[in-house]
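Peer 1: Quick one, structure for this:
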Amino acid sequence: MRVIAELPHPECKISIFSLNQKYIVKFEQGTFEQSYKLAELDLSGGGVNDVFEILDEEFISTVIERFKAMRIDFNTAYKRHQF
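Peer 2: I've put the predicted structure just below:
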C-alpha cells in the first residue's frame, strides 16, 4: 500500500492510498480513523482526481460528525469499565 495523496484539512488528516486496483481514503482524528475503499473500475477513469471530487466539504463534514459520535461511543464504553 502506498500513499498517493494527502489532502490538507484543519480538523483531520486525509490520506489516499493505492492498493490492488483500489483507492483507500483514510481520515484520522486523534486516535480514531475511518477508511473508505473505492475500486478503480467504479470511477470514471480520471484516477485519483475522481477521488478528490468525491471528497467534497459536505462529505468531509459528515466524516467529522461521525468522529464526534465515535468519541462519545468510546468514552461511554470506557466509563462503563473504568480502568
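
Peer 1: which of the residues in the lowest-mean-pLDDT helix or strand in the chain are buried?
Peer 2: One helix or strand of the chain scores below all others by mean pLDDT, DSSP states H and E: helix 48-54, with a mean of 94. Using 16 or more other Cβ atoms under 10 Å as the test for burial, helix 48-54 gives Val51. For glycine as for every other residue, the C-beta is placed from the backbone atoms N, C-alpha and C.

Peer 1: packing partners for the helix or strand following that helix?
Peer 2: Next in sequence after helix 48-54, counting helices and strands by DSSP states H and E, comes helix 57-81. In this structure, helix 57-81 makes packing contacts with strand 22-29, strand 32-39, judged by 3 or more Cβ pairs under 8 Å, 6 or more residues apart in numbering; DSSP states H and E.

Peer 1: mind putting these in JSON lines, mean pLDDT, mean neighbour count and distance to Glu65 included?
Peer 2: Formatted as JSON lines, these follow (pLDDT from 0 to 100; neighbours: other Cβ atoms under 10 Å; distance: least, Cβ to Cβ, whole Å):
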{"stretch": "strand 22-29", "mean pLDDT": "98", "mean neighbour count": "18", "distance to Glu65": "11"}
{"stretch": "strand 32-39", "mean pLDDT": "97", "mean neighbour count": "13", "distance to Glu65": "11"}
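
Peer 1: now for the ones you listed, which one comes closest to Ile60?
Peer 2: strand 22-29 (7.9 Å; Cβ to Cβ).

Peer 1: strands paired with that closest one, and their directions?
Peer 2: strand 13-19 (antiparallel), strand 32-39 (antiparallel) (DSSP bridges).

Peer 1: mind checking which of those is nearest Asp56?
Peer 2: Asp56 sits nearest to strand 13-19 of all the strands paired with strand 22-29, at 12.1 Å, using Cβ to Cβ.
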